[in-house]
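just a sequence and a predicted model for now, questions to come.
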Amino acid sequence: MFSAHLIVDRDFTIGPLDRRLFGVFVEHMGRCVYTGIYEPDHPSADADGFRGDVAALTRELGATLVRYPGGNFLSGYNWEDGVGPAAERPSRLDLAWFSTESNQVGPHEFMSWCRSTGLTPMFGVNLGTRGADEARRFVEYCNHGGSSSLARLRQNHGSEAPFAVPIWCLGNEMDGPWQICRKTHEEYGRLALETAKLMRMVDPSIELAACGSSAYDMPSYGVWEDRVLEHCFEQVDYLSLHSYFVKPIHTPGGDCSTPTFWAQIETNARYIEDTVAVADAVAARRHSAKRIMLSFDEWNVWYRARHGEHLKQEGWPQAPRLLEEVYNVEDALLVGGMLSMMMNHADRLKIACLAQLVNVIGPIMTEPGGAAWRQTIFHPFALAARWAHGTVLRPQIRSPGHAHAVHGELPHLVASVVDEAASGRTALFLMNRHLSEPMDLQVSLRGLGGEGRRLVEAQQLQDEDLQACNSDEQPERVRPQPLEGVQVDGECLRVRLQPASWNVIVTEAARP
Ligand code: AHR
């Protein structure tokens, strides 16, 4: 057992938490759409063909925003293929995932699913095979309320009211060699600028996210961000980050230890901070007070289903089983720690999308015609989405730690604190990274009401077996359990956190 201290003070804040940090991602790939969210023959399907069980789990997950329709798929997508009578829509080869896309789900169907699940859509425009003209036409089709031909076409297809898609991605991972019609930073920066200009002429209310480099470890990282923003700084609001957390399971001698795996929390913190630095350097060169915000619009654990048949299957199948990563407790704890880290960057990180939602590296799994269940990573996301409202307070941590080759001393405690002044409610998200010892934690909640606080919620995600998973047969094997023994005394909170655990504790002022 060891002791740790956390001090938070209402006077020391990071910033308001943007609820769009609890976004997800739905790509037309594998079984995310077909037999994931959409399966007309499923017993739970609604009138539009969407699975009711998956919609219910999506609501329970508490996601706020959804990025759509890709991903790598986006760079070959024709939105026109997905509108009009479903029986007349073309089947297309999807060159991103070597699959056949039936286009039975398109923008109209997807918008109806967004309405039923309460998600804000974040659409992408294809800057791979297509460009500015297609993008401005897509915005006009979706968002124009007047009587232009494209607006009338949308109305004729059944949507009188505009979709009012508020935020758009300018392409996807355009520096990746795998991308359909990859671009250099000069090509993409110019294209993003001109496309953004036209899209905003059609609908000045939209927000736009430019592609950052596809990953922090891309050789193009840094220079890409700098050069792209040099072109489109004035026209965009966000720069994207993508990160998949790995274990080198296929590298002989690779470090697959849990502490190293979990240290990706710090690696990604640095990714965010370095990206802010590059964006602000561009601002500084322009003597601009504008600040580009960040959209971490793909993030998750992804290393097992990352080879061979997980990526590509022969014969151009429809809805093949791709990237069907099965998550364990170790993954769920990393996701929980990542959520805290992201909250702690709330001043610049405004959007994040867990990639993806169903079956494809998803928190929800389904069987065609069968059950839907929660993967382990569902739980920290759902708890954080449920309880994180308000202002992120700056956590002052005193905790023993362990040495890491790159990041130096890493505290065992990972924490974030979100405080909602109006309700008097404060949520603590706490990870004990020590693998074998419990942590006696003392939290000083300064300025949060000495006249008394009461406990609202205390849950822990912890298991003797870090490899434990949920499955169709055992869908509830891993789930949060009540966290016992939380003591709240005035502004002081004491709790014992189990080894290798992620926890949420919510208190509120007895008198708000
Ligand atoms: O989420 C799976 C894929 O990962 C996406 O299509 C792509 O953007 C990323 O490389």
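Received it, and whenever you're ready, just let me know what you need. Predicted model, so just to flag it, every value in this text is computed and none were measured.

pLDDT at Gly450, what is it?
Gly450 is assigned 62 on the pLDDT scale.

give me the nearest residue to whatever residue of the chain ends up closest to the ligand, chain neighbours excluded.
Per CB to the nearest ligand atom, Gly71 is where the chain lies closest to the ligand, at 2.9 Å. Backbone N, C-alpha and C define where each C-beta goes, glycine included. Distances taken as CB to CB, 6 or more residues apart in numbering put Glu27 closest to Gly71, at 3.6 Å, once the chain neighbours are dropped.

so who does the one you found touch?
Contacts here follow CB atoms under 8 Å, 6 or more residues apart in numbering; on that basis Glu27 touches Val33, Tyr68, Pro69, Gly70, Gly71, Asn72, Phe73, Leu74, Ala355, Gln356, Val360.

quick check: phi and psi at it.
phi -110, psi 150 (degrees, to the nearest 10).

same thing with Pro380?
phi -60, psi -40.

export the contacts of Glu27 to JSON lines and append columns for pLDDT.
Compiled in JSON lines, the contacts of Glu27 are given as follows (pLDDT from 0 to 100):
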{"residue": "Val33", "pLDDT": "98"}
{"residue": "Tyr68", "pLDDT": "98"}
{"residue": "Pro69", "pLDDT": "98"}
{"residue": "Gly70", "pLDDT": "96"}
{"residue": "Gly71", "pLDDT": "97"}
{"residue": "Asn72", "pLDDT": "98"}
{"residue": "Phe73", "pLDDT": "98"}
{"residue": "Leu74", "pLDDT": "98"}
{"residue": "Ala355", "pLDDT": "97"}
{"residue": "Gln356", "pLDDT": "95"}
{"residue": "Val360", "pLDDT": "98"}
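
let's have those in TSV, adding neighbour count and distance to Ala215.
Shown next, in TSV, are these (neighbours: other CB atoms under 10 Å; distance: CB to CB, whole Å):
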residue	neighbour count	distance to Ala215
Val33	30	24
Tyr68	30	21
Pro69	25	21
Gly70	28	16
Gly71	26	14
Asn72	21	13
Phe73	25	18
Leu74	28	17
Ala355	26	12
Gln356	28	16
Val360	27	18
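
so what's Asp465 up against?
Val329.

one step back: touching, the residue of the chain closest to the ligand and Asn172? I think so.
Yes - between Gly71 and Asn172 there is a contact under CB atoms under 8 Å: 5.9 Å.

who touches both of these two?
With the criterion set as CB under 8 Å, 6+ apart, the overlap between the contacts of Gly71 and Asn172 is Gly124.

buried residues in the lengthiest helix in the chain?
Counting by DSSP state H, the longest helix found in the chain is helix 264-285. Going by neighbour count (16 or more other CB atoms under 10 Å), the buried part of helix 264-285 is 264-269, 271-272, 275-276, 278-280, 282-283.

around the ligand, pick out the residues from the stretch 1-150 of the chain.
Glu27, Gly70, Gly71, Asn72 (CB under 6 Å from any ligand atom).

now the strands for the stretch 51-200 of the chain?
65-68, 92-94, 99-101, 120-125, 167-170 (DSSP state E, counting those that start in this stretch).

closest one to Phe2 among the ones you listed?
Proximity to Phe2, assessed across the strands of the stretch 51-200 of the chain by CB to CB, is greatest for strand 65-68 (38.5 Å).

okay, now the closest residue to Leu95 other than its chain neighbours: neighbour count?
Nearest non-adjacent residue to Leu95, counting by CB to CB, 6+ apart: Gly76, 5.1 Å away. By the criterion of other CB atoms under 10 Å, Gly76 has 21 neighbours.
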